[in-house]
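# Curious how this folds, go ahead:
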Amino acid sequence: MILRTYPNEETEQHEIKQIEYLQASFNLPGTMVDHYPYSLGKVGGNLFEEKFRLELTAVKELDSADSSTSGSGKRLIRVEKGIQRIQAIVPESSSLEEAVIKFKKALEWTIRALNSLMEYRDPYTADHQRRVACLAAAIAREMGLGEEQVEVVRLASTIHDIGKISVPAEILTRPGQISEIEFNMIKCHPQIGSDILRSIEFPFVIEKIICQHHEKFDGSGYPIGLMSEEILLEARILAVADVVEAISSHRPYRPALGVDAALAEISKGKGTLYDAEVVNACLRVFSNSNFDFSDPDCLTISYA
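From the prediction side, this is the model:
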C-alpha cells in the first residue's frame, strides 16, 4: 500500500474530484457519512493521539476549504480524507519491523472504522460481516493456511459487504421480496466495495477478495463471471463462509434456516458453485471443532 500525502494544492484538489466522482457514482448517503467523525475520533485516540488530533481538525476544516462542494460531497470528502490521514500518520520508525507493526495497526483500525460505519447504517450487515469473518478464518486454518494468509481472509471478510453502503437502507432491511431492479443494484456491491477500497489504496489482495466474493466455481457468479482457480482462494473461502452464515441466520425477508440447512446447501453446491476443498474444510470446522456463531469471539472483532 502507498501512503497518501498531499504535497501541494493541485494534488489535493485531484483527490477531491475523485471523491466527488465516487459520491455521484455510488450515491453514498449523507446520514451515514455524518456519523463518521465519531468513528474517526475513536480510531485516532488509539493510534498516535496528538498527531491524529491535529489531522482530524484539518479534516473537519475541509467543509470550508471548497465552498462550491455540496453538503453531502463535503461529508464524503471528510470520510475519505479521514481514512487517508489515518493511514498517513504512521510515523517513521527506526526499524522495518516496527514500521510494519505500526502500519498493520493503522490498517486494522481503518477496517474497524469502516465496519463501525456500516454498523451505524445497517446493524444486520455489520453483525453478518463479523460472523462471516470468524467462520472464514476458521476455514482457512482448517485448510492449513499460514497465519498471515488467515489474517488476510479475516480482514477482507470483516468488510466484505462495505459496497452495500451504496444501496438504500430500505432495500437492505425490507421484510418482503425485492424487485429485479433492486436486486441488480445489490449485485453491484462487490465491485463498488472494491472501488471504494481502491480509492483509499487498500492492499490489492483485500480489494480483489472483496470484488470476487460472489463469484461461483462454475462461472455463474458476479460481477465478472470468474470460475475455478481464476477466483482467489481467499475469495472462495469467503464465499462459502458468507453463504453458511446467511442461510443459518435471520434475514430481513425470512427467519433463520439453521446451520444444518446451510451445510446442506454448500454440500449440494460442492464442486459446482463452491470449491470442494473449501466446502470439505467448512464441514470439518462444524463437525470437529464444534464451531458456533453464538461464540463471543464471533460477536466481536479483535485487533492486534
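
# Contacts made by the helix or strand hosting residue 183 with the rest, please.
Element membership for residue 183, per DSSP states H and E: helix 180-186. The contact list for helix 180-186, computed with CB atoms under 8 Å, 6 or more residues apart in numbering, reads 164, 166, 167, 171, 172, 178. Bear in mind the C-beta positions are built from the backbone N, C-alpha and C, glycine included.

# Apply 7 Å and report the result again.
If you take CB atoms under 7 Å, 6 or more residues apart in numbering as the criterion, helix 180-186 is touched by 167, 171.

# Okay, buried residues for it please.
Within helix 180-186, the residues scored as buried using 16 or more other CB atoms under 10 Å are 182, 185, 186.

# can I get the residues you listed in TSV with distance to residue 147 and pLDDT?
Shown next, in TSV, are those (distance: CB to CB, whole Å; pLDDT from 0 to 100):
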residue	distance to residue 147	pLDDT
182	40	88
185	37	89
186	33	90
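
# Mind putting those residues into CSV with distance to residue 196?
Formatted as CSV, these follow (distance: CB to CB, whole Å):
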residue, distance to residue 196
182, 20
185, 16
186, 16
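
# and which of those residues is nearest to residue 149?
The shortest approach to residue 149 among the buried residues of helix 180-186 belongs to residue 186, at 28.9 Å (CB to CB).

# what's the following helix or strand after the helix holding residue 183?
helix 189-199.

# hmm, who's touching the following helix or strand past that following helix?
Next helix or strand after helix 189-199 toward the C-terminus (DSSP H and E): helix 204-212. The set of residues external to helix 204-212 that reach it, using CB under 7 Å, 6+ apart, is 152, 155-156, 160, 190-191, 193-194, 197-198, 226, 231-232, 234-235, 238.

# switch to 8 Å and redo it
152-153, 155-156, 159-160, 162-163, 190-191, 193-194, 197-198, 223-224, 226, 231-232, 234-235, 238-239.

# Just the buried residues out of the residues you listed, in ChimeraX syntax.
In ChimeraX, this line selects whichever of the contacts of helix 204-212 come out buried by 16+ other CB under 10 Å:
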select :152,153,155,156,159,160,162,163,190,191,193,194,197,223,226,231,232,234,235,238,239
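
# Show me the contacts of helix 204-212 that map onto helices.
152-153, 155-156, 190-191, 193-194, 197-198, 234-235, 238-239 (DSSP state H).

# so who does residue 155 touch?
Residue 155 sits in contact with 107, 108, 111, 133, 206, where contact means CB under 8 Å, 6+ apart.

# Show me the domain layout of the protein.
7-121, 122-304 (automatic domain parsing).

# Name the stretch from those domains where average model confidence is lowest.
Ranked by mean pLDDT, the domains of the chain end with domain 7-121 in last place, scoring a mean of 51.

# Convert the helix holding residue 183 to PDB, retaining C-alpha atoms only.
Written as PDB, here are the backbone C-alpha positions of helix 180-186 (Å, rounded to 0.1, in the frame of the first residue of the first chain):
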ATOM      1  CA  GLU A 180     -35.300  -7.400 -10.100                       C
ATOM      2  CA  ILE A 181     -34.000  -3.800 -10.500                       C
ATOM      3  CA  GLU A 182     -33.300  -3.600  -6.700                       C
ATOM      4  CA  PHE A 183     -31.500  -7.000  -6.800                       C
ATOM      5  CA  ASN A 184     -29.400  -5.800  -9.700                       C
ATOM      6  CA  MET A 185     -28.500  -2.800  -7.600                       C
ATOM      7  CA  ILE A 186     -27.400  -5.100  -4.700                       C
END
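
# Can you get me a residue count around residue 127?
18 (other CB atoms under 10 Å).

# What of residue 227?
14.

# now the one 3 residues further on
Residue 230: 13 surrounding residues under other CB under 10 Å.

# what's the spacing between it and residue 163?
20 Å (CB to CB, to the nearest Å).

# Equivalent analysis for residue 136, please.
Residue 136 is 17 Å from residue 163, by CB to CB.

# For residue 283, I want the exact helix or strand it lies within.
Secondary structure assignment for residue 283, by DSSP H and E: helix 276-288.

# Please flag which of the contacts of residue 155 sit within helices.
Using DSSP H, these in helices are 107, 108, 111, 133, 206.

# out of these, what pair is the most spread apart?
Pairwise distances across these (CB to CB) peak at 14.8 Å, for the pair 107 and 133.

# So these two - more neighbours on which side?
Comparing residue 107 with residue 133 by other CB under 10 Å, the one with more neighbours is residue 133, at 25 against 19.

# With adjacent residues omitted, what lies nearest to the more buried one?
residue 157 (3.8 Å; CB to CB, 6 or more residues apart in numbering).
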